[in-house]
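Novice: Only the shape, not the letters, is given here:
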């Protein structure tokens with residue numbers, strides 16, 4: 001039996017993800033299970049059973065406040081706890097993966113400490129049986145001491161955590177704004193991580209190496225739509241657009257026509 005083709009969809013509002021998915025003809029959805037800027041543990045989603053039993057491919061994005069790399073104990077330790085809570089909640093609704101940003105250390109900190117803090121997070125989870133679903137680390141756009149902005153730092157990170165088999169989420173806007181050439185990026189990432197589990201297909205409102213994490217719809221920013229589609233095609237995995245809602249249906253339609 002042949003494998004099903006990659007699902008293409010969108011990041012949608014968490015209130016009613018299924019209705020939002022239908023509105024943009026999404027085969028996959030990504031959403032938050034709690035306030036993305038808050039520290040509260042996720043509660044059971046009111047549509048949990050419908051989401052779990054749907055034909056959609058489900059992804060959950062962890063809150064932006066998480067920083068598994070930081071040397072600040074008051075952020076790092078709660079981040080580990082909240083990551084575990086979101087992983088459990090995401091697994092409970094049948095999510096295929098939980099996306100988390102790579103985080104960063106302070107300007108005066110040694111980046112190697114941040115890398116080792118990630119290792120400790122996976123080691124701690126492993127001691128209690130591991131995470132209940134794949135943790136997909138996403139490349140980020142800004143920060144000189146970020147764990148996942150540049151590929152050389154991602155290589156250092158994977159040297160430390162690769163044995164725990166984390167997943168990887170490649171964001172096209174983040175790579176462009178972070179200063180990574182998009183030509184051949186799929187192959188360069190896979191040479192480091194061995195995998196790409198999800199593509200965040202986004203145009204960038206800002207120029208190359210700007211460090212700005214600002215998404216826009218295809219054809220309205222600095223990345224050619226055809227280049228985004230080529231990355232999705234070469235990655236050969238599920239794709240989520242995180243572009244403004246008004247244009248998501250058109251972005252998904254473009255990917256179906258050019259990335260299949």
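Specialist: Sure thing, it's come through. What you see is a predicted model, and the numbers here were worked out from it, not measured in a lab.

Novice: only C-alpha atoms for contact and neighbour calcs from this point on.
Specialist: Noted.

Novice: Can you tell me the closest non-neighbouring residue to residue 34?
Specialist: Counting by CA to CA, 6 or more residues apart in numbering, residue 42 is the residue found nearest to residue 34 once chain neighbours are left out, at 5.1 Å.

Novice: er, residue 242 actually
Specialist: residue 11 is the one closest to residue 242 (CA to CA, 6+ apart), at 5.2 Å.

Novice: neighbours around the closest residue in space to residue 235 that isn't next to it in sequence, how many?
Specialist: Once flanking residues are discounted, residue 235 sits nearest to residue 186: 6.0 Å by CA to CA, 6+ apart. Residue 186: 20 surrounding residues under other CA atoms under 10 Å.

Novice: what's the following helix or strand after the helix or strand containing residue 186?
Specialist: If you go by DSSP states H and E, residue 186 is part of helix 185-193. Once the chain leaves helix 185-193, the next helix or strand it forms, by DSSP H and E, is strand 198-200.

Novice: Direction included, what does that following strand pair against?
Specialist: Applying DSSP bridges to the sheet, strand 198-200 is found paired with strand 167-171 (parallel), strand 238-241 (parallel).

Novice: Give me the residues contacting it.
Specialist: Residues from elsewhere that reach strand 198-200 (CA atoms under 8 Å, 6 or more residues apart in numbering): 136, 168-172, 232, 235, 237-242.

Novice: tell me what the helix or strand just after that strand is packed against?
Specialist: Next in sequence after strand 198-200, counting helices and strands by DSSP H and E, comes strand 203-204. With contacts taken as 3 or more CA pairs under 8 Å, 6 or more residues apart in numbering; DSSP states H and E, strand 203-204 sits against helix 172-178, strand 215-216.

Novice: for the stretch 101-250 of the chain, what spans make up the helices?
Specialist: Secondary structure of the stretch 101-250 of the chain (DSSP state H, counting those that start in this stretch): helices located at 111-127, 151-161, 172-178, 185-193, 225-235, 248-258.

Novice: circling back to that earlier point, most tightly packed of the helices and strands packed on strand 203-204?
Specialist: Scoring the helices and strands packed on strand 203-204 by mean neighbour count under mean count of other CA atoms under 10 Å gives helix 172-178 as the most buried, with a mean of 29.

Novice: Kindly tell me how buried the residue nearest to residue 34 is, as a neighbour count.
Specialist: Residues near residue 42, counting by other CA under 10 Å: 18.

Novice: which residues touch it?
Specialist: Per CA under 8 Å, 6+ apart, neighbours of residue 42: 33-34, 85-86, 89.

Novice: List just the nearest of these to residue 53.
Specialist: Relative to residue 53, the closest of the contacts of residue 42 is residue 89; by CA to CA it sits at 15.3 Å.

Novice: That closest one and residue 19, how far apart?
Specialist: From residue 89 across to residue 19, the span is 21 Å (CA to CA, to the nearest Å).

Novice: of the two, who's got more company?
Specialist: More crowded of residue 89 and residue 19, by other CA under 10 Å: residue 89, with 22 against 12.

Novice: longest helix of the protein?
Specialist: Ranked by residue count, the top helix of the chain under DSSP state H comes out as helix 73-92.

Novice: can you give me the angle it makes with helix 111-127?
Specialist: 40 degrees (axes from the mean of the first three to the mean of the last three CA atoms, to 10 degrees).

Novice: Any buried residues in helix 73-92, and which?
Specialist: Within helix 73-92, the residues scored as buried using 16 or more other CA atoms under 10 Å are 75-92.

Novice: Stretch 178-198 now?
Specialist: Under 16+ other CA under 10 Å, the buried positions of stretch 178-198 are 178-180, 182, 185-187, 189, 192-193, 195-198.
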